[in-house]
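[1] return atomic coordinates for the entry below.
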Amino acid sequence: MNQKSAWKDGILIVGLYVLLLLATLLVPILNVVVLWTLPLPLVYFAARHGIKPSLLLFGILCILTALFVEAFILTFVWASVGIVIGELHRRKADGFAVLIGASLTYIFHLLIGYVLLTLLSDQSLREMIATQRDQVTSLLEQAGTSSGQIESVTESLTFIPYIIPFILVLTGTVMGVITVWLAGILLRRCNLEANRVPPLREWGFPKAFIWYYLIAFILLLTTQPEEGSTLFIAVTNVFLLIETIMTIQGLSFILFFFHLKKLPKIVGILAVVVTLVLAPLQQIVRLVGIADLVLDLKSRLGSQRK
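    Sure, this is the predicted structure:
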């Protein structure tokens, strides 16, 4: 009976997935939204029927799309993420575990894509960015942009090849957050168990990250590695990653404080948005995050409240 149910669901999932894939490939503007729904049929199927039938379904979808490169790539990436999320929910994993699983799957695919792009391209990434930099500089000059602003933009573009690992991790994590959120909505609507990711105000990172942050900061200051060297790339990416973690920790404390004071949720949302937009404010939020980790501010405020 279970096998029949799996086959029946599988046929429906294949049909639904193909429709979503066609909409993603053929419908302009709407495809940006539909793209994020591609993993959801596989999330549902894996959460109901487990890993083995899901892998079989994954193989069928890959075969169906094998003749079309773009369709195959989309299927290989998004369907595999859907299976990971669905299977973790089926195993009753906590929200963080599901988020980490989805993010790591995305990061893996992004890394493979980057490696293939590097191997198959006639130009190196640095050369491609240099070409884009020249085009951007020309456009900015035509628009009457000041020389200082142009220099700032070109320096940022030149720096991109050195922070590819950080960009891949950040991009994969953001994609994971969006997909896990949508998957949770779907599964709960279908009366399937789906543990939620805790709200940001409850997030907390290990205190060990303070030491990693200090070590990376000291290495940048004392060794002053040559730009482009392996040490420079490693330390820069670690430093940026931990800076991002400290910023998240700071936002978590701010939202926790707002919640403690029973302020409207919109205040917290605005605080997050403004922090993401204004770079100087990120420095302050980062310091708040460091203070929270070092002094355990959340626990102290929580105990005072009690």
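[2] what residue ranges in the chain score low on pLDDT?
    When residues are selected by pLDDT under 70, those of the chain lie in 1-3, 122-128, 130-131, 133-134, 140-141, 143-151, 302-306.
[3] longest helix of it?
    helix 230-260 (DSSP state H).
[4] elements contacting that one?
    Packing partners of helix 230-260 (3 or more CB pairs under 8 Å, 6 or more residues apart in numbering; DSSP states H and E): helix 164-189, helix 208-222, helix 265-277, helix 279-295, helix 297-305. The C-beta positions use only the backbone N, C-alpha and C, and glycine is treated the same way.
[5] with distance to Thr230 and mean neighbour count added, can I get those helices in JSON lines?
    Rendered in JSON lines, the data for these read as follows (distance: least, CB to CB, whole Å; neighbours: other CB atoms under 10 Å):
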{"stretch": "helix 164-189", "distance to Thr230": "12", "mean neighbour count": "18"}
{"stretch": "helix 208-222", "distance to Thr230": "13", "mean neighbour count": "14"}
{"stretch": "helix 265-277", "distance to Thr230": "31", "mean neighbour count": "13"}
{"stretch": "helix 279-295", "distance to Thr230": "26", "mean neighbour count": "16"}
{"stretch": "helix 297-305", "distance to Thr230": "37", "mean neighbour count": "12"}
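[6] out of those, nearest to Asn237?
    Asn237 sits nearest to helix 164-189 of all these, at 4.6 Å, using CB to CB.
[7] elements contacting the closest one?
    Packed against helix 164-189 by the contact rule (3+ CB pairs under 8 Å, 6+ apart) you find helix 40-49, helix 80-90, helix 95-120, helix 230-260.
[8] can you give me the domain assignment for this structure?
    The domain map for the chain lists 1-197, 200-306, with the assignment taken from automatic domain parsing.
[9] quick one: distance of the longest one to the chain centre.
    Domain 1-197 has its C-alpha centroid displaced from the chain centroid by 9 Å (CA atoms, centre = their mean, to the nearest Å).
[10] could you do the shortest one as well?
    Remark: domain 200-306 is offset 17 Å from the chain centroid, using CA atoms, centre = their mean.
[11] give me the element Pro225 is part of.
    Here Pro225 sits in a region with no helix or strand, counting by DSSP states H and E.
[12] that one against Leu231, yeah?
    Yes: judged on CB atoms under 8 Å, Pro225 makes contact with Leu231 at a distance of 4.1 Å.
[13] between the two, tell me which one has more neighbours.
    The neighbour comparison of Pro225 against Leu231 (other CB atoms under 10 Å) goes to Pro225, with 16 against 13.
[14] if we can go back for a sec, overlap in contacts of Pro225 and Leu231?
    Leu219 (CB atoms under 8 Å, 6 or more residues apart in numbering).
[15] hmm, back to that, reformat the helices and strands packed on helix 164-189 as TSV; add distance to Thr171.
    As requested, these are exported to TSV (distance: least, CB to CB, whole Å):
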stretch	distance to Thr171
helix 40-49	20
helix 80-90	13
helix 95-120	6
helix 230-260	12
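[16] and of these, who's closest to Leu157?
    With CB to CB as the yardstick, what comes closest out of the helices and strands packed on helix 164-189 is helix 230-260 (15.6 Å).
[17] how near is Ala102 to Lys52?
    Distance, Ala102 to Lys52, by CB to CB, to the nearest Å: 20 Å.
[18] looking at those two, which is more packed in?
    Ala102 (26 against 9).
[19] list the contacts for the more buried one?
    Taking CB under 8 Å, 6+ apart, one finds 81, 84-85, 175-176, 179-180 in contact with Ala102.
[20] could the residues you listed be laid out in JSON lines, adding distance to Val277?
    Output for the contacts of Ala102, formatted as JSON lines (distance: CB to CB, whole Å):
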{"residue": "Val81", "distance to Val277": "28"}
{"residue": "Val84", "distance to Val277": "32"}
{"residue": "Ile85", "distance to Val277": "30"}
{"residue": "Met175", "distance to Val277": "21"}
{"residue": "Gly176", "distance to Val277": "22"}
{"residue": "Thr179", "distance to Val277": "24"}
{"residue": "Val180", "distance to Val277": "24"}
